[in-house]
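*Asks:* Predicted model follows, preceded by the sequence.
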Amino acid sequence: MMRVVFVAIVAVAAVGFVGLQSAKASTAPWCAVTNYGNGSMYWDCQYSSIEQCRPNVLGGNRGWCNPNPYFVPYAAAPNKYYRKRHARSQ
């Protein structure tokens with residue numbers, strides 16, 4: 001009976017660990033930084049351009065638009081089968 005309980009706990013733990021995902025980098029390159037006073041600020045990083053960020057900041061919020069410090073642009077993996085083609089001599 002103890003062995004069955006132990007195996008069940010290990011199985012549940014394994015499923016839990018497999019289901020965890022690593023933290024993802026932020027996908028939006030612009031943040032609206034709002035200053036609430038006393039040094040507290042709120043970073044709202046959901047804007048794909050500075051033009052999308054400006055209305056939020058200009059709409060009465062005390063803040064500014066700032067590039068997202070955690071933004072990692074998508075870079076396609078290089079093709080490992082790429083061969084440089086040379087012109088044939090004639």
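*Replies:* Perfect, I can see it now. Numbers count the residues shown, from 1 in each chain.

*Asks:* List phi and psi for the closest residue to Gly63 other than its chain neighbours.
*Replies:* Using C-beta to C-beta, 6 or more residues apart in numbering and skipping residues adjacent in sequence, the residue nearest Gly63 is Thr34, 3.9 Å away. Placement of C-beta: from N, CA and C, glycine included. As for Thr34, its main-chain torsions (degrees, to the nearest 10) stand at phi -110, psi 130.

*Asks:* pLDDT wise, what is Thr34 at?
*Replies:* pLDDT, Thr34: 89.

*Asks:* And stretch 36-48, what's buried?
*Replies:* 44-45, 47 (16 or more other C-beta atoms under 10 Å).

*Asks:* my bad, should have said stretch 48-60
*Replies:* Those would be 53, 56-57, for stretch 48-60 by 16+ other C-beta under 10 Å.

*Asks:* From Asn56, how far off is Pro69?
*Replies:* Using C-beta to C-beta, to the nearest Å, Pro69 is found at 18 Å from Asn56.

*Asks:* what do you get for Pro67?
*Replies:* On the measure of C-beta to C-beta, Pro67 and Asn56 end up 15 Å apart.

*Asks:* before we move on, what about Arg3?
*Replies:* For Arg3, the distance to Asn56 (C-beta to C-beta) stands at 58 Å.

*Asks:* related to what we said a few turns ago, make JSON lines out of the buried residues of stretch 48-60 and add pLDDT, secondary structure and distance to Thr27.
*Replies:* What follows is the buried residues of stretch 48-60, written out as JSON lines (pLDDT from 0 to 100; DSSP: H, G, I helix; E, B strand; the rest coil; distance: C-beta to C-beta, whole Å):
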{"residue": "Cys53", "pLDDT": "92", "secondary structure": "helix", "distance to Thr27": "15"}
{"residue": "Asn56", "pLDDT": "85", "secondary structure": "helix", "distance to Thr27": "18"}
{"residue": "Val57", "pLDDT": "84", "secondary structure": "helix", "distance to Thr27": "20"}
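
*Asks:* which one of those residues sits closest to Ser40?
*Replies:* Val57 (16.4 Å; C-beta to C-beta).
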